[in-house]
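A.B. asks: with the input below, show me the fold.
(one chain, ligands or ions: 1)
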Amino acid sequence: MEANYLLVVICNDQSCIADNKSDCNKVERENKYSRESNEKFKEYFDNIKKAKESYQPCDKTKCRCHSNVIQDDLKRFKDGITKELVGNIKTKGTKYQIINHKLYRDPECMFPARCSGIEHFILEILPDLPNMEFIVNTRDWPQIHKQYGAFGPVFSFSKSNDYYDIMYPAWAFWEGGPAIELYPKGIGRWDIHRKQLSKIADEIPWEEKIEKAFFRGSRTSPERDPLVLLSREEPDLADAQYTKNQAWKTDADTLHAVPASEISFAEHCKYKYLFNFRGVAASFRFKHILLCKSLVFHVGNEWLEFFYPALKPWIHYIPVDAKATKSEIRELVEFVKNNDAIAREIAENGYQMIWDNLKMKDVSCYWKKLLKQYAKLLKYEPVMDENVIEIKK
Ligand SMILES: O=c1ccn([C@@H]2O[C@H](COP(=O)(O)OP(=O)(O)O[C@H]3O[C@H](CO)[C@@H](O)[C@H](O)[C@H]3O)[C@@H](O)[C@H]2O)c(=O)[nH]1
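C.D. replies: Residues are numbered from 1 along each chain as shown. Model (predicted):
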């Protein structure tokens with residue numbers, strides 16, 4: 001402390017002696033940094049204040065927190081869905097038919113385990129569903145671009161605002177991957193993760209969480225690089241490392257480092273600050289890490305799953321620009337480290353939002369509302385295709 005104080009005096013006095021030049025520069029840098037930080041911190045406080053003023057808690061019953069997503073996604077089809085429109089896009093995914101409360105689909109599914117994960121939810125609600133047919137895209141990437149390509153109603157688990165795809169709850173709530181070494185059959189079974197993570201969240205007090213920005217995952221998007229690089233430079237501030245995925249070929253795929261060991265969701269909860277990034281499309285970890293009662297930093301707001309719009313920046317998570325640099329990330333982490341009560345409040349809000357509004361019941365409820373509203377838009381009575389197979393429990 002004393003040494004620093006002395007340096008400030010010497011530097012301010014414009015009387016740096018040669019031996020102390022680098023120290024002086026360091027102090028000047030630090031002063032500038034703290035001036036910029038103060039301005040940034042003010043901006044963050046303002047953002048939190050504004051977010052709190054405009055925040056309207058949603059109705060927790062009957063998956064109403066997510067209802068507006070269905071309205072938004074179906075708006076483009078408000079004039080009705082014709083047989084021709086479905087025909088336009090039938091190659092974009094797997095065709096499903098519901099006829100007399102039975103479920104049928106194309107014999108082929110590109111990713112059979114993903115189809116099973118989807119069918120788990122549809123089979124549960126069949127007694128409540130009218131006749132209909134629809135196309136489900138099981139790839140990661142959405143299919144109906146607003147500016148080019150075919151147009152029609154395609155169900156996808158994730159999209160950005162550039163697409164007309166209709167979001168459905170991902171297969172991974174039940175099964176179908178992604179599979180990693182730790183979860184060789186896929187991360188799956190959200191019901192089990194919910195219970196386990198909320199128990200662990202209660203067992204690790206906030207004060208005992210490791211004060212580092214944490215991330216583990218593969219390099220499916222370069223948006224993850226700045227945090228990983230920051231972690232290499234400042235391991236006391238961040239622990240962010242790339243793991244191997246099935247596409248890994250050389251160390252270049254882990255940004256020229258040896259792949260890190262995988263870390264379970266439960267282990268994530270030991271860290272105070274957890275980062276979520278997009279991958280190819282949205283990545284499935286957002287909901288898991290929110291259940292840790294740690295503070296979640298959500299990078300980029302472009303890629304969505306159906307439940308993202310209910311989560312509000314500065315209320316449930318800390319938003320981070322998709323193009324944030326290492327120093328911008330450092331600044332945000334410094335902000336929350338200096339404002340622990342705020343960090344804790346946002347962490348608890350994020351946890352509560354997911355705990356209250358993303359139960360398995362909410363996922364089924366969303367599927368039911370989505371399919372019932374979609375069916376109302378169909379302008380024709382579906383007739384069972386010749387080659388379909390019946391899907392049973
Ligand atoms: O140490 C680890 C590493 C990963 N995971 C989890 O494993 C899953 C896969 O992680 P990662 O390899 O980083 O892939 P993501 O980029 O998150 O997901 C990819 O895989 C998904 C399924 O194909 C796609 O939907 C995404 O768009 C695509 O980016 C995620 O749920 C992670 O949270 C862990 O629990 N521990």
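A.B. asks: so what's Cys63 up against?
C.D. replies: 357, 361-362, 365-366, 369 (C-beta atoms under 8 Å, 6 or more residues apart in numbering). C-beta: built from backbone N, CA, C; applies to glycine.
A.B. asks: how about the secondary structure of it?
C.D. replies: Here Cys63 is recorded as helix under DSSP: H, G, I helix; E, B strand; the rest coil.
A.B. asks: how close does it sit to the ligand?
C.D. replies: 22 Å (C-beta to the nearest ligand atom, to the nearest Å).
A.B. asks: so that residue versus Phe306, what's the distance?
C.D. replies: Distance from Cys63 to Phe306, counting by C-beta to C-beta, to the nearest Å: 10 Å.
A.B. asks: what pLDDT is listed against Val8?
C.D. replies: Looking at Val8, its pLDDT reads 33.
A.B. asks: to clarify, my last question referred to Ser37.
C.D. replies: 76.
A.B. asks: which stretch of helix or strand covers it?
C.D. replies: Assigned by DSSP states H and E, Ser37 falls within helix 21-54.
A.B. asks: from the stretch 101-250 of the chain, which residue is nearest to the ligand?
C.D. replies: Gly217 (2.5 Å; C-beta to the nearest ligand atom).
A.B. asks: so who does that residue touch?
C.D. replies: Gly217 touches 224, 242-243, 277, 279, 283, 285, counting by C-beta under 8 Å, 6+ apart.
A.B. asks: hey, what's in contact with both of Cys63 and Phe306?
C.D. replies: Common contacts of Cys63 and Phe306 (C-beta under 8 Å, 6+ apart): Tyr366.
A.B. asks: so which residues of the chain form helices?
C.D. replies: Ranges of helices in the chain, per DSSP state H, are 2-12, 21-54, 67-75, 83-88, 112-125, 190-203, 225-233, 265-268, 285-290, 326-338, 340-357, 360-377.
A.B. asks: can I get those in CSV with distance to Trp314 and mean neighbour count?
C.D. replies: Shown next, in CSV, are the helices of the chain (distance: least, C-beta to C-beta, whole Å; neighbours: other C-beta atoms under 10 Å):
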stretch, distance to Trp314, mean neighbour count
helix 2-12, 33, 13
helix 21-54, 4, 13
helix 67-75, 20, 16
helix 83-88, 40, 15
helix 112-125, 32, 20
helix 190-203, 21, 16
helix 225-233, 19, 18
helix 265-268, 22, 18
helix 285-290, 14, 24
helix 326-338, 11, 18
helix 340-357, 7, 19
helix 360-377, 23, 19
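A.B. asks: Gly176 is nearest to which of those helices?
C.D. replies: Closest approach to Gly176 among these is made by helix 112-125 (3.5 Å; C-beta to C-beta).
A.B. asks: residues of this protein that sit close to the ligand?
C.D. replies: 140, 177-178, 180, 182, 187, 216-218, 220, 243, 245, 262-263, 265, 279-281, 283-285 (C-beta under 6 Å from any ligand atom).
A.B. asks: which of those residues are buried, as a PyMOL select command?
C.D. replies: Restricted to buried positions by 16 or more other C-beta atoms under 10 Å, the PyMOL selection for those reads:
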select buried, resi 140+177+178+180+187+216+217+218+220+243+245+263+265+279+281+283+284+285
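A.B. asks: which of the residues of the chain next to the ligand fall in strands?
C.D. replies: 216-217 (DSSP state E).
A.B. asks: skip the chain neighbours and tell me the closest residue to the residue most central in space within the chain.
C.D. replies: Against the mean C-alpha coordinate of the chain, by C-alpha atoms, centre = their mean, the closest residue is Phe286 at 3.8 Å. Nearest non-adjacent residue to Phe286, counting by C-beta to C-beta, 6 or more residues apart in numbering: Asn276, 4.6 Å away.
A.B. asks: identify the residues contacting the one you found.
C.D. replies: Asn276 sits in contact with 283, 285-286, 289, 296-299, 317, where contact means C-beta under 8 Å, 6+ apart.
A.B. asks: and it, bridged to which residues?
C.D. replies: Counting by DSSP bridges, Asn276 is bridged to His298.
A.B. asks: now it: how far from Gly177?
C.D. replies: In this view, Asn276 and Gly177 are 18 Å apart by C-beta to C-beta.
A.B. asks: now swap in Lys244 and tell me
C.D. replies: Lys244 is 15 Å from Gly177, where distance means C-beta to C-beta.
A.B. asks: could you find the closest non-adjacent residue to Phe284?
C.D. replies: Leaving aside its chain neighbours, Phe284 sits nearest to Ala172 (5.0 Å; criterion: C-beta to C-beta, 6+ apart).
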